[in-house]
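Chemist: kindly generate the corresponding structure for this input.
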Amino acid sequence: MTNTISDLKPGNVWKHFYALTQIPRPSGHMEKITAFVENFGKSLGLETVRDATGNICIRKPATPGYENRQTIILQSHLDMVPQANSDLKFDFTQDAIQAYIDGDWVKAKGTTLGADNGIGAATTMAVLAATDLQHGPLEGLFTTDEETGMYGAFAIRPGFIDGKIMLNLDSESDGELYIGCAGGKDVNVSFQYKSETAAFQKAIVVRISLTGLKGGHSGVDIHLGRANANKLMFRLLKEAMLKQNARLISVQGGTLRNAIPREAFATIAVDGEANYQDLLSLVDYYRDVFIEEFDGIEDAVELKAERQDSPTDHLRLIPVDIQQKLTHAIVACPNGVINRFAKIPGTVETSVNMAIVQVGERSAEVKFLARSSSETKKCAICGSIESLFIIAGANQASSENGYPGWNPNPDSTILQIMKKVFEKQRGYTPKVEVMHAGLECGIILSNVPGLDTVSFGPTIQFPHSPDERLEIASVQKFWNYLIDILKEAPRK
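Modeler: Residues are numbered from 1 along each chain as shown. Predicted coordinates:
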């Protein structure tokens, strides 16, 4: 009986994946993982180079008889999204991921698993270490800090990689090949102010917690209609301000720009026991409303209000005009799917994720990630968010950190080879798709023009959330498929 992921098949892939789970690698903390991969390449006696950003390229010569094949780049990113359930004490910069087998899936205990994109990196490592495969020249390209801004991909330059074919191993649906993806751009909003005190007769401080939402990847899962914790929280806060004259003290919702926020927490003050009891009733009402509205989508919505023992004589409150402007703007702001491709039914073209809301004593910040396969529509949705918050009186509303999409090439040579290999293995044609999530391909292609690129991978569900899981059977299929593709690499 298989008890640990190291016992799973193919063993060479799972062995390396387990090793990656033991090394802290949240975005922004790449030191340990890049050193590990660099030492891995050198230990194999392979040419291993590292650039100033921390990207690593490991080159493996062709096996006998395959010297005249084109070089194939196997590309994946090393960082992972650090998301944990709020009731778990976990330090992503120090602690190892606790991966375990749950039926047909591998999951992590209370945290993201890091299969995005650890399974791609582990598979590349298995190919580089293998002595029984047939392939032409290979380059294993490991990039850094993909999840927080694709900084590694932006740093790739001609000469760091030599191949003309790139297989990106960062897709998450077995049986699907991706030949394009959306671009993205951050929108950052801030209000600056001085907190104030209020003359309450009997101030009662209340902490409102919204938890239990599924969250997920803001590109992969945005079309599923999942609840955004920030949007729901401010919907409740707006009514509490109107009916109980609630005053805002702080808000924290969401942690990452590319993750749909699963949780939001607000601390407010109300005046007197009557307002407090009415607030409790309002929270109960909205809990039932949210459960009903997201029936069949969310299955564990928790909304509660808890009285706090905080000192109430010198409460630092958000100014009334700021809390009203901020709340109205957040409630009015677009979120989720904006439009879909007219010629590709069901495929999202443009979306926006209200990712992070942080409200404190001196400032309030709201952070968005807009995605679109259309550069003009991406700019348009960013502009609409900026305009809304400027009208609301924000001190700053601007867009930055834009990255390009990846324009599809349905005539790709490697795509045709991959379709034939797939059909031979499985007896049916793979789906060829354009992904709404951002991949590094578009950025790398903008820096190294002419790459023939396809993205694929095993099945991962609920990435960017503690529900992330990796389908065991799909990893074996992924491995079998990849090694046959390498055998069929085109000639020079």
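Chemist: C-alpha from now on. contacts and neighbour counts both.
Modeler: Will do.
Chemist: ok, residue 174 touching residue 461?
Modeler: No: the criterion here is C-alpha atoms under 8 Å, and residue 174 misses it with residue 461 at 11.0 Å.
Chemist: now do the contacts for the residue nearest to residue 145 when sequence neighbours are not counted.
Modeler: Distances taken as C-alpha to C-alpha, 6 or more residues apart in numbering put residue 27 closest to residue 145, at 5.0 Å, once the chain neighbours are dropped. Taking C-alpha atoms under 8 Å, 6 or more residues apart in numbering, we find residue 27 in contact with 79, 80, 81, 82, 144, 145, 146, 147, 148.
Chemist: tell me where the protein has helices.
Modeler: 11-21, 31-43, 115-129, 151-155, 229-243, 272-293, 320-332, 375-391, 413-426, 441-447, 472-487 (DSSP state H).
Chemist: how far off centre is the first one?
Modeler: Between the mean C-alpha location of helix 11-21 and the chain-wide mean there is a distance of 22 Å, by C-alpha atoms, centre = their mean, to the nearest Å.
Chemist: against which helices or strands is it packed?
Modeler: Under the contact definition 3 or more C-alpha pairs under 8 Å, 6 or more residues apart in numbering; DSSP states H and E, helix 11-21 sits against helix 115-129.
Chemist: rounded mean pLDDT for the helix it packs on, please.
Modeler: Here helix 115-129 scores 98 as its mean pLDDT.
Chemist: same question, stretch 468-476
Modeler: pLDDT averaged over stretch 468-476 gives 98.
Chemist: likewise stretch 302-312?
Modeler: The model assigns stretch 302-312 a mean pLDDT of 88.
Chemist: re the thing from before, would TSV of the helices of the chain with distance to residue 185 and mean neighbour count be doable?
Modeler: As requested, these are exported to TSV (distance: least, C-alpha to C-alpha, whole Å; neighbours: other C-alpha atoms under 10 Å):
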stretch	distance to residue 185	mean neighbour count
helix 11-21	29	20
helix 31-43	26	16
helix 115-129	21	25
helix 151-155	13	21
helix 229-243	19	20
helix 272-293	29	15
helix 320-332	19	19
helix 375-391	7	18
helix 413-426	28	16
helix 441-447	13	22
helix 472-487	31	19
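Chemist: now these in JSON lines, please, with extra columns for distance to residue 200.
Modeler: Formatted as JSON lines, these follow (distance: least, C-alpha to C-alpha, whole Å):
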{"stretch": "helix 11-21", "distance to residue 200": "51"}
{"stretch": "helix 31-43", "distance to residue 200": "51"}
{"stretch": "helix 115-129", "distance to residue 200": "50"}
{"stretch": "helix 151-155", "distance to residue 200": "49"}
{"stretch": "helix 229-243", "distance to residue 200": "15"}
{"stretch": "helix 272-293", "distance to residue 200": "8"}
{"stretch": "helix 320-332", "distance to residue 200": "14"}
{"stretch": "helix 375-391", "distance to residue 200": "30"}
{"stretch": "helix 413-426", "distance to residue 200": "68"}
{"stretch": "helix 441-447", "distance to residue 200": "54"}
{"stretch": "helix 472-487", "distance to residue 200": "58"}
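Chemist: so, low pLDDT: which residues of this structure?
Modeler: 1-3, 312-313 (pLDDT under 70).
Chemist: any idea which strand is longest in it?
Modeler: strand 348-359 (DSSP state E).
Chemist: partner strands of that strand, parallel or antiparallel?
Modeler: If you go by DSSP bridges, strand 348-359 pairs up with strand 247-253 (antiparallel), strand 336-340 (antiparallel), strand 363-372 (antiparallel).
Chemist: quick check: angle from the last one to helix 320-332?
Modeler: When axes from the mean of the first three to the mean of the last three C-alpha atoms, to 10 degrees is applied, the directions of strand 363-372 and helix 320-332 differ by 20 degrees.
Chemist: please name the residues that touch the residue with the largest distance to the centre of the chain.
Modeler: Taking C-alpha atoms, centre = their mean, the residue of the chain most remote from its mean C-alpha position is residue 201, at 45.7 Å. Applying C-alpha under 8 Å, 6+ apart to residue 201 gives the contacts 271, 272.
Chemist: residue contacts, the closest residue to residue 481 other than its chain neighbours?
Modeler: Closest residue in space to residue 481, ignoring its immediate chain neighbours: residue 422 at 6.9 Å, by C-alpha to C-alpha, 6+ apart. For residue 422, the contacting residues are 428, 429, 430, 481, by C-alpha under 8 Å, 6+ apart.
Chemist: buried only: go through the residues you listed for me.
Modeler: By neighbour count, with 16 or more other C-alpha atoms under 10 Å, the contacts of residue 422 hold 430, 481 as buried.
Chemist: distance to residue 216 for the contacts of residue 422 - can I get that in JSON lines?
Modeler: Listed next are the contacts of residue 422 as JSON lines, based on distance: C-alpha to C-alpha, whole Å:
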{"residue": "428", "distance to residue 216": "30"}
{"residue": "429", "distance to residue 216": "29"}
{"residue": "430", "distance to residue 216": "25"}
{"residue": "481", "distance to residue 216": "27"}
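Chemist: filter the contacts of residue 422 down to just the ones in strands.
Modeler: Among the contacts of residue 422, no member lies in strands (by DSSP E).
Chemist: and of the contacts of residue 422, the nearest to residue 130?
Modeler: The shortest approach to residue 130 among the contacts of residue 422 belongs to residue 481, at 15.5 Å (C-alpha to C-alpha).
Chemist: the closest one against residue 421, yeah?
Modeler: Yes: with contact defined as C-alpha under 8 Å, residue 481 reaches residue 421; the gap is 7.4 Å.
Chemist: residues in contact with residue 265?
Modeler: Per C-alpha under 8 Å, 6+ apart, neighbours of residue 265: 207, 208, 209, 210, 233, 251, 252, 253.
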